[in-house]
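> here is a sequence with its predicted model. Questions after.
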Amino acid sequence: MAEGVATAISGRVFVDQVNNNKINHVYDFAYGDYIANQSFLDELSRIQSGLLLNGEVELSTGLVATMDSAGGLLALQLHMESLNAAKDAMVGLAKLGLKNEIKLWTLQ
């Protein structure tokens, strides 16, 4: 085989492992919706606790946003908008998957 050429691993066992890893964490679409909301609310609770305790929030990027400056408030606003967008995307994908699954069930 030529050096530097990528090879595709195939076989029934490998395909089974990949498929099992895909569904290892999200068992169905309703559970995916629950996980999206739970992760959003956990992050929201963490942010609220940081604001109430010391007026600073460590963002997921590692930066610390303080509420004493306009820059800190803007960073927190952008972070919250991105969290909300991510939650909406996860919920939307879960609902789309559920709708597609229902359509498959009704096909004869």
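Structure received. Numbering: from 1, shown residues only.
> any idea how far Phe29 is from Ser82?
The spacing between Phe29 and Ser82, counted by Cβ to Cβ, to the nearest Å, is 23 Å. Every C-beta, even on glycine, is put in place using the N, C-alpha and C of the backbone.
> so which of the two has more stuff around it?
Neighbour tally, Phe29 and Ser82, criterion other Cβ atoms under 10 Å: the higher count belongs to Phe29, 18 against 12.
> which strands or helices does the helix or strand hosting Asn84 pack on?
Under the criterion DSSP states H and E, the helix or strand holding Asn84 is helix 70-106. Packed against helix 70-106, as judged by 3 or more Cβ pairs under 8 Å, 6 or more residues apart in numbering; DSSP states H and E, are the following elements: helix 29-54, strand 56-58, strand 64-66.
> recalculate using a threshold of 6 Å.
In this structure, helix 70-106 packs against helix 29-54, strand 64-66, with contacts taken as 3 or more Cβ pairs under 6 Å, 6 or more residues apart in numbering; DSSP states H and E.
> now distance to Val91 and mean pLDDT too, for these, in TSV please.
Rendered in TSV, the data for the helices and strands packed on helix 70-106 read as follows (distance: least, Cβ to Cβ, whole Å; pLDDT from 0 to 100):
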stretch	distance to Val91	mean pLDDT
helix 29-54	5	89
strand 64-66	26	91
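> dump those to TSV, plus distance to Gly72.
Written out in TSV, the entries for the helices and strands packed on helix 70-106 read as follows (distance: least, Cβ to Cβ, whole Å):
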stretch	distance to Gly72
helix 29-54	11
strand 64-66	4
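> of those, which approaches Gly92 most closely?
Within the helices and strands packed on helix 70-106, the stretch nearest Gly92 is helix 29-54; the backing value is 9.1 Å (Cβ to Cβ).
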